[in-house]
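A.B. asks: build me a model:
(one chain, ligands or ions: 1)
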Amino acid sequence: MAAGLLSGKAALVTGASRGIGRAIALQLADAGAAVALVARDIGKLEDLARRLDSTGTKTVYNSFDLALEDSINNLVDWLREKDFHVDILVNNAGIYGTDSIAMEEYCGWDSGAKSSLSLWNKTLAVNLSAAFGLARLLAPQMVEKRWGRIINISSISGQKAEVFGTAYSASKFGLIGVTQSLALELARHGVTVNSVCPGWVATDMAEEQINDPEWCRLNDINPEESLDIARLSVPQMRLIQPDEVASLVGYLCTDSARGITGQAINICGGLSIT
Ligand code: NAD
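C.D. replies: Coordinates of the predicted model:
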């Protein structure tokens, strides 16, 4: 992104400690935005904040567990204390967990990855409720300024089924629903709301999923071949890099993208059309 394109803007990026969120924070900062970094791992946030501070970016950071309802209010209170007025909200924090509904009853083997309501609740809390919670508290200040961007990192799994990932898939479908509803509500106030839907992206989350013995077993994949299988499932035969997703997010933050709202934009190397 061109330097200065987002100067004067302030962005909150959740899940900024690693992977896609980290790449987004770096690109928005490069384009001149001040950034608020939130995730669970304070150490990694500290490292990133140090790097950004050294480039003159106004940076604040803090650890919040977005699975907890109280964290949403606490996060917004903390931003207020820091005098950090959010123009751009990137709801990126997310978790994935393999789940399966008692397949052993049908197949005679123990999946070892039974679905649980606690995984369901936690996945929906982090991936969906936190995104809505932050949007509802932060949108009013965007409306007041008549300028704002809300970008929800959904997934291709928010558009087509993720086998053995029902909770994840439900949360990502839900995020696209939140995106469309809020986009309509905010359309006349200068605030755009979009979903970005990655396919396989080369991050720790993808690596953990690909290497998860339970996920391999359920999908009948040899763990040694699982990375190749994931890669070859993509028409471009590669995993997307985090900075490719970040560039798309960066573009959606610009004034040139002001006409794009309520969309779910895929970045998946063609995976969505297979
Ligand atoms: P990652 O696991 O590498 O990073 C996730 C980030 O979310 C971390 O910063 C983590 O601290 C934060 N986070 C997780 N749970 C949290 C909680 N309870 N409270 C606060 N922060 C929490 O994941 P990633 O691959 O960078 O994924 C980022 C987003 O992109 C996620 O929403 C994910 O679902 C989505 N996505 C990823 C892929 C992929 O292949 N990697 C594909 C499609 C969508």
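A.B. asks: quick one: contacts for the spatially most central residue of the chain?
C.D. replies: Nearest to the geometric centre of the chain sits N92, at 2.3 Å (Cα atoms, centre = their mean). By Cβ atoms under 8 Å, 6 or more residues apart in numbering, the residues touching N92 are 13-16, 20-21, 24, 153. Every C-beta, even on glycine, is put in place using the N, C-alpha and C of the backbone.
A.B. asks: pLDDT at it, what is it?
C.D. replies: Looking at N92, its pLDDT is 98.
A.B. asks: for E104, same thing?
C.D. replies: Among the per-residue scores, E104 holds a pLDDT of 50.
A.B. asks: now do E214
C.D. replies: Confidence score, pLDDT, at E214: 87.
A.B. asks: ok, it to K122 distance?
C.D. replies: Applying Cβ to Cβ, to the nearest Å, the value for E214 to K122 is 17 Å.
A.B. asks: can you narrow the contacts of N92 to ones near the ligand?
C.D. replies: Among those, the ones lying near the ligand by Cβ under 6 Å from any ligand atom are 15, 20-21, 153.
A.B. asks: for V249, what are its contacts?
C.D. replies: 24, 27-28, 90, 151, 153, 196.
A.B. asks: now it: which helix or strand?
C.D. replies: helix 242-253 (DSSP states H and E).
A.B. asks: how about that helix: buried residues?
C.D. replies: 242, 244-250, 252-253 (16 or more other Cβ atoms under 10 Å).
A.B. asks: with stretch 62-78 instead?
C.D. replies: By neighbour count on 16+ other Cβ under 10 Å, the buried set for stretch 62-78 is 62-64, 66-67, 71-72, 75-76, 78.
A.B. asks: quick one: which of those residues sit in helices?
C.D. replies: 71-72, 75-76, 78 (DSSP state H).
A.B. asks: max pairwise distance over the residues you listed: which two?
C.D. replies: I72 and W78 (10.9 Å; Cβ to Cβ).
A.B. asks: which among the ones next to the ligand among the contacts of N92 gets closest to the ligand?
C.D. replies: G15 (2.7 Å; Cβ to the nearest ligand atom).
A.B. asks: which element is the residue lying closest to that closest one once chain neighbours are set aside on?
C.D. replies: Once flanking residues are discounted, G15 sits nearest to A93: 3.3 Å by Cβ to Cβ, 6 or more residues apart in numbering. Here A93, judged by DSSP H and E, is contained in no helix and no strand.
A.B. asks: neighbours of A93, just the number please.
C.D. replies: Using other Cβ atoms under 10 Å, A93 has 24 other residues around it.
A.B. asks: with that, I have no additional questions.
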